[in-house]
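1. Need a 3D model of the following:
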Amino acid sequence: MKSEAYSLGIDLGGSSIKTIAVTPQGETLSRHNTDFDPAKSMEWAEKIRSLAGEIQRERGTPADGIGLSAPGLAAADGRSIACMPERLQGLEGLDWTKFLGAARTIPVLNDAHAALLGEAWVGAARGFRNVIMLTLGTGVGGAAIVDGRLLRGHIGRGGHLGHSSLDPDGPPDCAGAPGSIEVAIGNCTIQQRSRGRFQSTHDLITAHLNGDADATAIWLKSVKALAAAVCSFINILDPEAVIIGGGIARAGKVLFEPLEKFLDPMEWRPGGHRAKILPAQLGEFAGAFGAAANALKPGS
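-> Here you go, the predicted model:
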């Protein structure tokens with residue numbers, strides 16, 4: 001195989017690992033999607049070690065950089081995940097540079113932060129200096145690029161938009177925020193929001209499309225809550241665009257059309273300026289692209 005410069009991006013999820021080898025120009029050389037059993041202690045770590053070695057052997061040369069993204073808050077030194085309670089035991093404090101025996105430091109990012117960096121590199125957020133991203137899935141992830149820089153904040157909580165409260169009297173989400181946008185539209189609450197009728201947002205949307213009035217009311221209430229949250233984020237961060245990704249966003253116009261309709265009377269649009277609402281482009285590999293992009297940065 002011809003040797004060429006490339007970086008390796010690894011995105012650790014709850015039950016799978018997405019890995020890409022990509023050139024500095026963003027051309028994908030290979031991609032892998034590998035499942036693991038989260039009940040088996042540290043199986044995810046051993047699979048990542050195996051994948052990293054296998055891909056570099058296939059390429060015939062070591063990667064110029066390796067980046068990793070994972071759930072939780074990245075440590076201040078960017079070498080590990082500092083906080084990830086309850087899931088992926090062993091992840092907190094794991095120094096990936098040492099674990100993989102890498103010659104260069106492996107920079108570590110929060111997964112939502114990585115997804116936005118990936119979209120900013122080769123996806124829907126390309127060319128924007130001020131842009132936010134929401135990922136709608138089991139929970140609601142978020143990230144923001146402000147004036148061309150990823151917003152990290154004091155301890156890495158910056159941009160966790162899904163934990164923004166919409167209702168102070170609502171139930172708490174996994175971070176303790178009452179009535180958050182994650183509670184309003186995340187798949188984790190679909191059974192409560194539908195009084196047990198639906199097991200997934202996909203089921204809810206299917207019923208809505210089939211003319212189920214109750215399903216339509218639940219779905220549109222969720223989308224209206226999302227619009228209110230997006231309106232607030234626009235007023236706080238003044239983005240050029242809002243990128244919407246995650247499994248629920250694959251609903252396409254069933255999501256985006258009512259979202260735009262709800263936003264029309266809500267969004268402050270001085271001089272006619274309005275933020276673009278755009279679907280993400282990189283799908284489930286966005287975090288891997290972002291991790292690879294982070295590894296290419298000078299000093300990584």
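
2. what sits against residue 99?
-> 45, 49 (Cβ atoms under 8 Å, 6 or more residues apart in numbering). For every residue, glycine as well, the C-beta is placed using N, CA and C.

3. gap between it and residue 108?
-> Distance of residue 99 to residue 108, given as Cβ to Cβ, to the nearest Å: 11 Å.

4. and what of residue 293?
-> On the measure of Cβ to Cβ, residue 293 and residue 108 end up 13 Å apart.

5. okay, the two: which has more neighbours?
-> Higher neighbour count among residue 293 and residue 108: residue 108, with 28 against 25, using other Cβ atoms under 10 Å.

6. So what pairs up with the more buried one in the strands?
-> residue 68 (DSSP bridges).

7. which outside residues touch stretch 234-247?
-> By Cβ under 8 Å, 6+ apart, stretch 234-247 touches 115-116, 119, 123-125, 128-137, 140-141, 144, 146, 187, 201-202, 230, 233, 255-256, 259, 267-268, 275-280, 282-283, 286.

8. Now do the buried residues in that stretch.
-> 234, 237, 239-247 (16 or more other Cβ atoms under 10 Å).

9. Next, the residue nearest to the spatial centre of the chain: secondary structure please.
-> Per Cα atoms, centre = their mean, the C-alpha nearest to the average position across the chain is that of residue 112, at 3.1 Å. When classified by DSSP: H, G, I helix; E, B strand; the rest coil, residue 112 comes out as helix.

10. remind me which residues of this protein are low pLDDT?
-> Along the chain, segments meeting pLDDT under 70 span 1-3, 298-300.

11. where do the helices sit along it?
-> 43-59, 96-99, 111-122, 181-185, 190-193, 201-209, 213-237, 253-266, 286-296 (DSSP state H).

12. In the first one, which residues are buried?
-> Residues of helix 43-59 classed as buried by neighbour count (16+ other Cβ under 10 Å): 44-45, 47-48, 51-52, 55-56, 59.

13. Redo these as CSV? Include distance to residue 10.
-> Converted to CSV, the buried residues of helix 43-59 look like this (distance: Cβ to Cβ, whole Å):
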residue, distance to residue 10
44, 10
45, 11
47, 10
48, 6
51, 7
52, 7
55, 9
56, 12
59, 14
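
14. Can you tell me which of those is closest to residue 11?
-> residue 48 (10.0 Å; Cβ to Cβ).

15. residues touching that closest one, list them.
-> 10, 12, 17, 19, 68, 100.

16. Same list (the residues you listed) but as JSON lines, adding distance to residue 40 and neighbour count.
-> Output for these, formatted as JSON lines (distance: Cβ to Cβ, whole Å; neighbours: other Cβ atoms under 10 Å):
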{"residue": "10", "distance to residue 40": "19", "neighbour count": "28"}
{"residue": "12", "distance to residue 40": "14", "neighbour count": "29"}
{"residue": "17", "distance to residue 40": "13", "neighbour count": "21"}
{"residue": "19", "distance to residue 40": "19", "neighbour count": "26"}
{"residue": "68", "distance to residue 40": "20", "neighbour count": "34"}
{"residue": "100", "distance to residue 40": "19", "neighbour count": "18"}
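
17. tell me which of these is nearest to residue 27?
-> Distances from residue 27 to the contacts of residue 48, taken by Cβ to Cβ, are shortest for residue 19, at 15.7 Å.

18. how deep is residue 78 tucked in, by neighbour count?
-> 17.

19. Might one say that it is in contact with residue 113?
-> No. Contact criterion Cβ atoms under 8 Å: residue 78 and residue 113 do not qualify, at 10.8 Å.

20. about what we covered before: need the buried residues of stretch 234-247 in a markdown table (columns: distance to residue 28).
-> Below are the buried residues of stretch 234-247 laid out as a markdown table (distance: Cβ to Cβ, whole Å):
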| residue | distance to residue 28 |
| --- | --- |
| 234 | 32 |
| 237 | 30 |
| 239 | 27 |
| 240 | 26 |
| 241 | 23 |
| 242 | 26 |
| 243 | 20 |
| 244 | 23 |
| 245 | 18 |
| 246 | 21 |
| 247 | 21 |
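
21. Can you flag which of the residues you listed belong to strands?
-> Using DSSP state E, the subset of the buried residues of stretch 234-247 located in strands is 241-245.

22. Just give me the closest of those residues to residue 214.
-> residue 244 (24.8 Å).

23. show me what contacts residue 70?
-> Residue 70 is in contact with 11-12, 81, 84, 88, 91, 108-111, counting by Cβ under 8 Å, 6+ apart.

24. next one: stretch 107-120 to chain centre, how far?
-> Distance, stretch centre to chain centre, for stretch 107-120: 7 Å (Cα atoms, centre = their mean, to the nearest Å).
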